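Enquirer: dropping a prediction and its sequence here:
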Amino acid sequence: MCDDSDEIGISYGGGLDDQDGGHNHHDSLEETANYLCSIKGGWKRPQVGFVGYGHVSKGDRVLIAATSLHDKNVLDAVSTALRNKGAKTVDVLLIDWGQDREFQYEDEVRWIIRREHWRENPRWYDYQEKIVDYAKASGYDFLIHGRGGPIPDASFKFEAIPWTTARMFTDRSTLFPPKLNELINLKTWNMIFKQGRGGKVRLTDPEGTDLEYTLFERYFESERRGFSEIPSLGHLHGHPTPPILLDDNTSGVVAGTTSHLSRPFPSLKLELAGDRVVSVNGGAGYGKAWGDLLEETSDVKYPEFPEKGLFWLWETAIGTNPKIRRQPDVMMLHSGGFEWERIRSGIIHMGFGTRWRGESERWAAEKGIPYGHLHVHLLFPTYEITKEGKTITVIEDGHLTALDDPEVKDLARKYGDPDEILSEDWKAPIPGISAPGDYLKDYAQDPYNWIKNNGLPTS
């Protein structure tokens with residue numbers, strides 16, 4: 001956690017926002033970069049709202065390792081701000097990710113499920129160990145690299161660069177105060193990890209999810225990455241992380257039409273029993289590829305799972321930044337896809353498979369066995385914990401209840417009108433749920449074309 005003496009570089013609100021046409025973003029790339037260079041960081045998280053470059057020191061050699069799909073204007077703005085802050089040199093290294101195009105159904109499977117070691121075949125947009133090794137060997141003091149996965153321990157300063165476009169970079173989500181975001185996370189985590197311990201979770205979503213499981217006491221008795229006293233800020237785990245218990249009783253259905261790196265797909269339904277996916281239905285090419293992998297790995301016993309099979313639920317990750325909004329170019333590779341919107345407050349992304357760079361992934365990579373985890377996004381979830389006859393509502397219809405906490409509102413007043421600061425800037429338009437129309441008839445069979453024609457920002 002960051003020290004309470006750290007200050008926010010720019011007060012939230014005031015003259016920072018361009019309200020024209022509803023775009024609602026910060027006007028200047030340079031001013032945003034300067035703001036980030038006033039935030040000292042220390043959260044070691046890649047999520048927007050927890051990234052800061054202010055711990056650059058005078059004379060530092062900095063390496064920004066981005067991709068060929070990153071907006072060069074963003075990289076230039078960050079480079080200039082770092083030099084103005086005292087960096088001696090700022091070098092930019094671009095990793096070739098090929099030509100830009102629209103996402104396809106199979107892209108998530110192609111880039112997340114791998115058989116080779118992640119050194120040879122890194123997950124798309126993650127930090128790469130060969131880049132970390134290069135920065136160390138070259139004597140850099142500060143590496144800015146990657147947009148996903150936990151920040152690694154290194155002998156130098158390390159921060160992510162989660163923005164691939166100028167619009168993302170200057171969005172209000174970038175300016176959302178880290179201290180406020182941290183308090184929202186701690187309030188939410190207290191409901192799950194302390195109040196909810198031993199309770200029964202009911203998770204529903206109007207696209208068809210209806211899931212139940214128990215937060216067994218034994219999940220709290222040993223250290224689990226991301227499920228401990230210290231939460232994964234901006235990415236709170238609503239289900240215990242591996243190793244999965246033999247008596248985990250997660251059962252029900254998970255359904256949705258979006259994931260991280262796939263084009264929107266016709267309604268996909270996963271049936272779970274004993275925490276494991278037992279059937280995959282729908283989802284067009286995404287569902288077909290998933291079903292094929294389900295069959296291929298049905299007889300594989302991964303170290304962190306109690307029985308055979310790859311697709312066990314472990315990631316029920318809750319976003320916490322209310323200012324995240326869908327991007328108008330979300331269908332294109334350069335945008336990073338729907339992965340961006342998963343960190344909006346109250347949205348949950350469900351992950352099925354092996355934990356990122358965990359024991360099972362190391363084991364599988366050595367044997368050439370498929371590993372990784374696939375996702376389904378819940379855009380209007382309700383997450384409730386029942387314990388001792390009382391109900392703890394963590395999320396209600398996609399709204400994170402910690403945003404209504406009196407202490408959270410009191411801190412938000414430091415930055416402006418708390419109701420405005422804590423309101424969600426965007427809610428996914430879905431016919432029959434949050435937009436006019438019928439869910440099954442107008443949307444579920446072809447969400448790609450509906451979103452492309454009706455569900456993208458126009459400014």
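Expert: Great, that's in hand. Numbers count the residues shown, from 1 in each chain.
Enquirer: now do the strands in the stretch 151-300 of the chain.
Expert: 157-159, 200-204, 210-214, 236-237, 251-256, 268-273, 276-282 (DSSP state E, counting those that start in this stretch).
Enquirer: dump the one helix or strand Asp410 maps to to PDB, restricted to CA.
Expert: Assigned by DSSP states H and E, Asp410 falls within helix 406-412. Taking C-alpha atoms only, helix 406-412 is exported to PDB below (Å, rounded to 0.1, in the frame of the first residue of the first chain):
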ATOM      1  CA  PRO A 406     -19.700   7.200   3.900                       C
ATOM      2  CA  GLU A 407     -15.900   7.100   4.400                       C
ATOM      3  CA  VAL A 408     -15.400   6.700   0.600                       C
ATOM      4  CA  LYS A 409     -17.700   9.700   0.000                       C
ATOM      5  CA  ASP A 410     -15.800  11.800   2.600                       C
ATOM      6  CA  LEU A 411     -12.500  11.100   0.900                       C
ATOM      7  CA  ALA A 412     -14.000  11.800  -2.500                       C
END
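Enquirer: next helix or strand past that helix?
Expert: Next along the chain after helix 406-412, taking DSSP H and E as the criterion, comes helix 418-421.
Enquirer: quick one: the helix or strand just after that following helix to strand 251-256, angle?
Expert: Remark: after helix 418-421, the chain's next helix or strand is helix 447-454, criterion DSSP H and E. Going by axes from the mean of the first three to the mean of the last three CA atoms, to 10 degrees, helix 447-454 is angled at 40 degrees with respect to strand 251-256.
Enquirer: tell me where the model's unsure across the stretch 201-350 of the chain.
Expert: Within the stretch 201-350 of the chain, no stretch has pLDDT under 70.
Enquirer: in a strand, Gly351, correct?
Expert: Yes: when DSSP: H, G, I helix; E, B strand; the rest coil is applied, Gly351 is found to be in a strand.
Enquirer: and the helices in the stretch 251-400 of the chain?
Expert: Along the stretch 251-400 of the chain, the segments classed as helices by DSSP state H, counting those that start in this stretch run 284-296, 359-367.
Enquirer: could you give the average pLDDT over stretch 425-435?
Expert: The average of the pLDDT scores along stretch 425-435 is 97.
Enquirer: how far does that stretch sit from the chain's center?
Expert: 20 Å (CA atoms, centre = their mean, to the nearest Å).
Enquirer: buried stuff in it?
Expert: Buried residues in stretch 425-435, defined by neighbour count with 16 or more other CB atoms under 10 Å: Asp425, Trp426, Lys427, Ala428, Pro429, Ile430, Pro431, Gly432, Ile433, Ala435. Glycine gets a C-beta too; all of them are placed from N, C-alpha and C.
Enquirer: closest to Thr354 among the residues you listed?
Expert: Thr354 has its nearest neighbour among the buried residues of stretch 425-435 in Ala428, at 28.0 Å by CB to CB.
Enquirer: now that closest one: closest residue in space, sequence neighbours ignored.
Expert: Leaving aside its sequence neighbours, Ala428 sits nearest to Leu379 (CB to CB, 6 or more residues apart in numbering; 4.3 Å).
Enquirer: and Ser155, by the same measure?
Expert: Leaving aside its chain neighbours, Ser155 sits nearest to Lys136 (6.1 Å; criterion: CB to CB, 6+ apart).
Enquirer: thought the one you found was touching Asp153?
Expert: No: using CB atoms under 8 Å, Lys136 is not in contact with Asp153; the gap is 11.8 Å.
Enquirer: of those two, which one has the most company?
Expert: Per other CB atoms under 10 Å, whichever of Lys136 and Asp153 has more neighbours is Lys136, with 13 against 8.
Enquirer: from Gly146, how far off is the more buried one?
Expert: Look at Lys136 and Gly146: by CB to CB, to the nearest Å, they are 15 Å apart.
Enquirer: what's the farthest-apart pair in the buried residues of stretch 425-435?
Expert: With distances taken as CB to CB, the most widely separated pair in the buried residues of stretch 425-435 is Asp425 and Gly432, at 22.6 Å.
Enquirer: ok, the nearest residue to Asp60 once chain neighbours are set aside - contacts?
Expert: In this structure, Asp60 finds its nearest non-sequential neighbour in Asp141, 4.1 Å apart by CB to CB, 6+ apart. Contact partners of Asp141, counting by CB atoms under 8 Å, 6 or more residues apart in numbering, are Ser57, Asp60, Arg61, Val62, Phe156, Lys157.
Enquirer: 6 Å - rerun?
Expert: Asp141 makes contacts with Asp60, Arg61, Phe156, as judged by CB atoms under 6 Å, 6 or more residues apart in numbering.
Enquirer: for it, give me phi and psi.
Expert: Backbone torsions for Asp141, taken as degrees, to the nearest 10, come to phi -90, psi -20.
Enquirer: and for the one 3 residues further on?
Expert: Note on Ile144: backbone dihedrals following degrees, to the nearest 10 are phi -120, psi 110.
Enquirer: surely it meets Ala160?
Expert: No: with contact defined as CB atoms under 6 Å, Ile144 does not count as touching Ala160 (7.3 Å).
Enquirer: how's the chain carved up into domains?
Expert: Domain assignment for the chain, taken from automatic domain parsing, gives 30-175, 178-452.
Enquirer: tell me the residue in the protein that is farthest from the middle.
Expert: Gly59 (33.2 Å; CA atoms, centre = their mean).
Enquirer: quick check: closest non-adjacent residue to it.
Expert: The shortest distance from Gly59 to any non-neighbouring residue, by CB to CB, 6+ apart, is to Lys88 (4.9 Å).
Enquirer: number of residues surrounding Lys130?
Expert: By other CB under 10 Å, the residues close to Lys130 number 13.
Enquirer: what residues does the helix or strand encompassing it touch?
Expert: Element membership for Lys130, per DSSP H and E: helix 129-137. Here helix 129-137 makes contact (CB under 6 Å, 6+ apart) with Leu63, Ala65, Arg119, Leu143, His145.
Enquirer: over to the fourth one. Which of the three states is it?
Expert: Secondary structure for Leu143, judged by three-state DSSP, is strand.
Enquirer: tell me who's in contact with it.
Expert: Leu143 touches Leu63, Ala135, Phe158, counting by CB under 6 Å, 6+ apart.
Enquirer: the third one now?
Expert: With contact taken as CB under 6 Å, 6+ apart, Arg119 is in contact with Glu129.
Enquirer: phi, psi for it please.
Expert: The phi/psi pair for Arg119 (degrees, to the nearest 10) reads phi -70, psi -40.
Enquirer: any idea how far Ser38 is from it?
Expert: In this view, Arg119 and Ser38 are 35 Å apart by CB to CB.
Enquirer: confidence score at Tyr35?
Expert: Looking at Tyr35, the pLDDT reads 95.
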